[in-house]
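A.B. asks: let me see the structure of the following:
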Amino acid sequence: MSVRAGREFLAIPGPTTVPDEVLRAMHRPAVEIYSGPLLALTDGLMRDVARVFNTKGRAYIYAANGHGAWEAALTNVLSRGDRILVLESGRFALSWGEHARRMGVEVEVLKGGMRHAVRPAEVEARLKADRKSSSGGGFKAVLVAQIDTASGVVNDIPAIGQAIRAAGHDALLMVDAVASLGCMPFDMDDWGVDVAMSGSQKGLMAPPGLGFVAANERAREAHKRADLRTPYWDWTERDGEQHYQKYAGTPPEHLLYALRQALDLLFAEGLPNVFHRHRLLAEAVRRAVTVWAEGQVIGFNVIEPAERCDTVTPVLTNGYDPVALRSYCEEQCGVVLGHGIGELSGKAFRVAHMGHVNAPMILGTLSVVEMALAALRIPHGRGGTQAAIDWLGEQVPA
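C.D. replies: Numbering: from 1, shown residues only. Prediction:
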């Protein structure tokens, strides 16, 4: 006997729930691509993608997922044989660096781990040493993820940017904002970020399939020297006057309609309000996990509370099977949780709280997790969901 009838709750860190308004926006015929409303749509989207990144720089939209946007960012500013520094705080900056390595870039990893954020002081020290030891062959770029969805770590991008400047190093700062854009502040220009990238399927509430890159003037100067440039990703090609050049061919029309509606929803709510909603719901999840952890089995992956992100919470099960818990939640209750990936495979489940998400969705998800903990006889502190309710009741005034 299950109680899963009804609408399924998708609580995975991407793709996230697509709002009904966004789904409806795609339900229209294709249109001619060389003139008319589609040109105005592109102009508005380029402007508003840059707005979400908080930059006066140029934004680019690719028919690609986040891995494609990784490649777009790398190929436009780097050359074969360049050296880059990758900052480890989970899985995804490392994967981005591996893309660069396979394209002929020399990659060094500043070791970190799955359970804590990048230490800006270590970045500064490594870059100072690089300046002293290199004669023209120093690091050309520093790669980091603002949020790593595998670990649940949030990195302090302003502090990392300051560390690069304090080192007197001219490496480009390149940031993966896939799991953060549209969910928390991203101030590209103020933080000294040179290249940023993201995707459509998480905080931006659109279907998978669009990748975004934003570049400032420093990045565009590096672009002039880059020899990894290829026709599809190339910014120079996409800066051409013809509309089809913006997409290196036929525009992904229906995904663009979806993105337009999703951005309109975000702007209507107001980005500061969107960020506050994410903070409140994330803390509700953390309150629940804190109570469950009293049973000495359930626990946070990220050790320091200040380094836990506001978009996904990986939860350790310490010897109990997270697959069984996820299966119970999905098959018996209709709640789909994320699985642990990388070093957390088989050791954790992940609760996403990003994008088109509200209090009933989070509280329902937490209730089902607590129900699963009880049904599977996994030791836990009782009342985690109530702790989340109490927190939101205090923070959301009548």
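
A.B. asks: show me where the stretch 101-250 of the chain has its strands.
C.D. replies: In the stretch 101-250 of the chain, the strands defined using DSSP state E, counting those that start in this stretch lie at 106-110, 139-145, 147-148, 153-154, 172-176, 195-199, 210-215.

A.B. asks: any chance of the ones you listed in TSV, with distance to residue 59, mean neighbour count and mean pLDDT too?
C.D. replies: In short, each C-beta sits where N, CA and C put it, glycine included. Listed next are the strands of the stretch 101-250 of the chain as TSV, based on distance: least, Cβ to Cβ, whole Å; neighbours: other Cβ atoms under 10 Å; pLDDT from 0 to 100:
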stretch	distance to residue 59	mean neighbour count	mean pLDDT
strand 106-110	26	16	98
strand 139-145	19	26	98
strand 147-148	20	30	98
strand 153-154	23	26	98
strand 172-176	14	27	98
strand 195-199	9	28	98
strand 210-215	5	28	98
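
A.B. asks: nearest to residue 37, out of those strands?
C.D. replies: Among the strands of the stretch 101-250 of the chain, strand 210-215 comes nearest to residue 37, with 18.6 Å by Cβ to Cβ.

A.B. asks: give me the contact list for the closest one.
C.D. replies: 49-50, 53, 55, 57-66, 68-69, 72-73, 76-77, 181, 188, 194-200, 223, 235, 252, 255-256, 259 (Cβ atoms under 8 Å, 6 or more residues apart in numbering).

A.B. asks: mind checking which of the strands of the stretch 101-250 of the chain is nearest residue 161?
C.D. replies: If you check each of these against residue 161 by Cβ to Cβ, strand 172-176 wins as the nearest, at 5.5 Å.

A.B. asks: max-length helix in the protein?
C.D. replies: helix 271-292 (DSSP state H).

A.B. asks: next secondary structure after that helix?
C.D. replies: Next helix or strand after helix 271-292 toward the C-terminus (DSSP states H and E): strand 299-300.

A.B. asks: hmm, who's touching that following strand?
C.D. replies: Contacts for strand 299-300 (Cβ under 8 Å, 6+ apart): 152, 286, 289, 293, 308, 313, 314, 315, 316, 318.

A.B. asks: from residue 103, how far off is the residue lying closest to residue 228 once chain neighbours are set aside?
C.D. replies: Nearest in space to residue 228, with sequence neighbours left out and distances taken as Cβ to Cβ, 6 or more residues apart in numbering, is residue 75 at 4.2 Å. According to Cβ to Cβ, to the nearest Å, residue 75 stands 7 Å off from residue 103.

A.B. asks: need the overlap of contacts for the two.
C.D. replies: By Cβ under 8 Å, 6+ apart, the residues touching both residue 75 and residue 103 are residue 228.

A.B. asks: neighbour count: these two, which is higher?
C.D. replies: Between residue 75 and residue 103, residue 75 has the larger neighbour count (other Cβ atoms under 10 Å), namely 22 against 16.

A.B. asks: confirm that that one sits in a helix.
C.D. replies: Yes: according to DSSP: H, G, I helix; E, B strand; the rest coil, residue 75 belongs to a helix.

A.B. asks: for residue 177, see how far away it is.
C.D. replies: Distance from residue 75 to residue 177, by Cβ to Cβ: 18 Å.

A.B. asks: do residue 329 as well
C.D. replies: In terms of Cβ to Cβ, residue 329 sits 29 Å off from residue 177.

A.B. asks: if we can go back for a sec, return the distance of the longest helix of the chain from the chain's centre.
C.D. replies: Relative to the centre of its chain, helix 271-292 is centred 17 Å away, using Cα atoms, centre = their mean, to the nearest Å.

A.B. asks: what segments of the stretch 251-398 of the chain are helices?
C.D. replies: According to DSSP state H, counting those that start in this stretch, the stretch 251-398 of the chain carries its helices in the segments 253-269, 271-292, 322-333, 359-375, 384-395.

A.B. asks: would you list these in CSV and tack on mean neighbour count, mean pLDDT and distance to residue 142?
C.D. replies: Listed next are these as CSV, based on neighbours: other Cβ atoms under 10 Å; pLDDT from 0 to 100; distance: least, Cβ to Cβ, whole Å:
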stretch, mean neighbour count, mean pLDDT, distance to residue 142
helix 253-269, 19, 98, 29
helix 271-292, 20, 98, 25
helix 322-333, 18, 98, 33
helix 359-375, 20, 98, 34
helix 384-395, 17, 98, 36
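
A.B. asks: closest to residue 124 out of these?
C.D. replies: helix 271-292 (27.8 Å).

A.B. asks: compute the inter-axis angle for that closest one and helix 359-375.
C.D. replies: Going by axes from the mean of the first three to the mean of the last three Cα atoms, to 10 degrees, helix 271-292 is angled at 20 degrees with respect to helix 359-375.

A.B. asks: tell me the helices and strands packed up against helix 271-292.
C.D. replies: Secondary-structure packing of helix 271-292 (3 or more Cβ pairs under 8 Å, 6 or more residues apart in numbering; DSSP states H and E): strand 299-300, strand 312-316, helix 359-375, helix 384-395.

A.B. asks: restricting to C-alpha, output stretch 146-156 in PDB.
C.D. replies: What follows is stretch 146-156, C-alpha atoms only, in PDB (Å, rounded to 0.1, in the frame of the first residue of the first chain):
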ATOM      1  CA  GLN A 146      30.000  29.100  -6.100                       C
ATOM      2  CA  ILE A 147      27.900  26.100  -4.900                       C
ATOM      3  CA  ASP A 148      28.900  22.500  -5.400                       C
ATOM      4  CA  THR A 149      25.800  20.400  -5.600                       C
ATOM      5  CA  ALA A 150      27.700  17.200  -4.800                       C
ATOM      6  CA  SER A 151      29.000  18.500  -1.500                       C
ATOM      7  CA  GLY A 152      26.500  21.200  -0.600                       C
ATOM      8  CA  VAL A 153      29.400  23.700   0.000                       C
ATOM      9  CA  VAL A 154      29.000  27.400  -0.800                       C
ATOM     10  CA  ASN A 155      32.200  29.300  -1.500                       C
ATOM     11  CA  ASP A 156      32.900  32.900  -0.700                       C
END
